[in-house]
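Asker: Give me a model of this one.
(one chain, ligands or ions: 2)
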Amino acid sequence: MSLPLPTRAELDRLPRKLLNRGGSRNPDVYCIEISGTQLVVKDFAPRGALVRRTIGRWVTAREARAWQLLDGQPSVPAFRGRIDALAFAVEYRPGRRMGRKLRGEVPPDFSDRLDRALSAMHARGVVHLDLRHRSNVLLGEGGDPILIDFGSALWLRPGSLMARLFLPLFASFDLRAARKWRRKLAPPDQDEGSSGSGRGASRPT
Ligand SMILES: Nc1ncnc2c1ncn2[C@@H]1O[C@H](COP(=O)(O)OP(=O)(O)OP(=O)(O)O)[C@@H](O)[C@H]1O
Ligand SMILES: [Mg+2]
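Answerer: Ligands and ions are numbered 1, 2, ... in the order given. Below is the predicted model:
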């Protein structure tokens with residue numbers, strides 16, 4: 001389904017709800033509504049001229065490419081397209097950030113679903129590499145995991161020599177992050193991390 005994307009001039013006139021204000025070298029992330037549909041825009045345009053002319057373009061192009069490679073994967077919001085060299089848009093998918101406080105609220109097979117989502121992503125040759133960050137894995141409304149923020153992602157052509165050599169290594173970082181979330185979401189009696197008197201046993205994330 002192709003949805004009309006606003007031009008930059010239209011975008012600048014639309015009301016926006018800020019989701020995350022970027023620092024001096026990061027994009028702003030905000031929500032807009034267009035034809036009754038909510039979209040998330042990741043946008044380097046508010047940054048300074050040097051960032052806009054250099055890493056802003058490069059990071060936007062790279063991240064947009066990763067989203068494109070994953071388009072159609074159920075655990076990844078749909079890619080909606082580039083607005084210009086500094087911004088792209090994806091489907092808005094409501095969800096809650098990962099963390100220990102979701103324990104008891106996630107479906108019992110949530111971690112298995114997350115593992116399957118990662119397998120599907122890796123099958124396309126994409127590794128996320130920043131899944132330990134609680135803001136990058138969401139609990140979706142139907143209890144499914146949602147993967148967002150492909151700013152650190154890498155990809156290799158599935159089946160290529162490079163992929164056969166390096167994908168398992170890179171994928172192991174994602175799998176390690178998934179094991180972290182599995183531990184944090186496990187019922188207390190199964191959570192080795194909080195069973196003893198170890199530091200941080202009652203940390204909420
Ligand atoms: N497709 C989406 N659907 C719903 N919310 C989203 C979506 N994309 C991003 N968000 C929200 O916006 C926040 C920031 O997005 P993202 O992680 O891509 O940006 P970021 O610049 O990497 O920010 P951070 O440094 O916090 O990770 C997310 O943590 C999430 O709350
Ligand atoms: Mg993020």
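Asker: Which part of this structure gets nearest to ligand 2, residue-wise?
Answerer: Ligand 2 sits closest to residue 149 of the chain, with a gap of 3.4 Å, by Cβ to the ion. Yep, even glycine has a C-beta here, placed from its N, CA and C like the rest.
Asker: And for that residue, the neighbour number?
Answerer: 20 (other Cβ atoms under 10 Å).
Asker: Now for the spatially closest residue to it that is not a sequence neighbour, how many residues are close by?
Answerer: Closest residue in space to residue 149, ignoring its immediate chain neighbours: residue 136 at 4.4 Å, by Cβ to Cβ, 6 or more residues apart in numbering. Residue neighbour count, defined by other Cβ under 10 Å, stands at 20 for residue 136.
Asker: correct me, but residue 136 touches residue 148?
Answerer: Yes. If you go by Cβ atoms under 8 Å, residue 136 and residue 148 touch, sitting 5.8 Å apart.
Asker: Now do the domain split for the chain, please.
Answerer: 14-91, 95-189 (automatic domain parsing).
Asker: The shortest one close to ligand 2?
Answerer: No. Applying Cβ under 5 Å from the ion, one finds domain 14-91 separated from ligand 2 by no less than 7.3 Å.
Asker: so how far does that domain reach from one end to the other?
Answerer: 17 Å (Cα to Cα, to the nearest Å).
Asker: is it fair to say residue 52 lies in a strand?
Answerer: No. Remark: residue 52 does not belong to a strand; assigned using DSSP: H, G, I helix; E, B strand; the rest coil, it is helix.
Asker: Could you measure from it over to residue 60?
Answerer: 10 Å (Cβ to Cβ, to the nearest Å).
Asker: joint contacts of these two?
Answerer: Counting by Cβ atoms under 8 Å, 6 or more residues apart in numbering, the shared contacts of residue 52 and residue 60 are 44, 86.
Asker: Name the helix or strand for residue 162, please.
Answerer: helix 161-185 (DSSP states H and E).
Asker: Show me what that helix is packed against.
Answerer: Applying 3 or more Cβ pairs under 8 Å, 6 or more residues apart in numbering; DSSP states H and E, we find helix 161-185 packed against helix 110-123, strand 126-127, helix 192-195.
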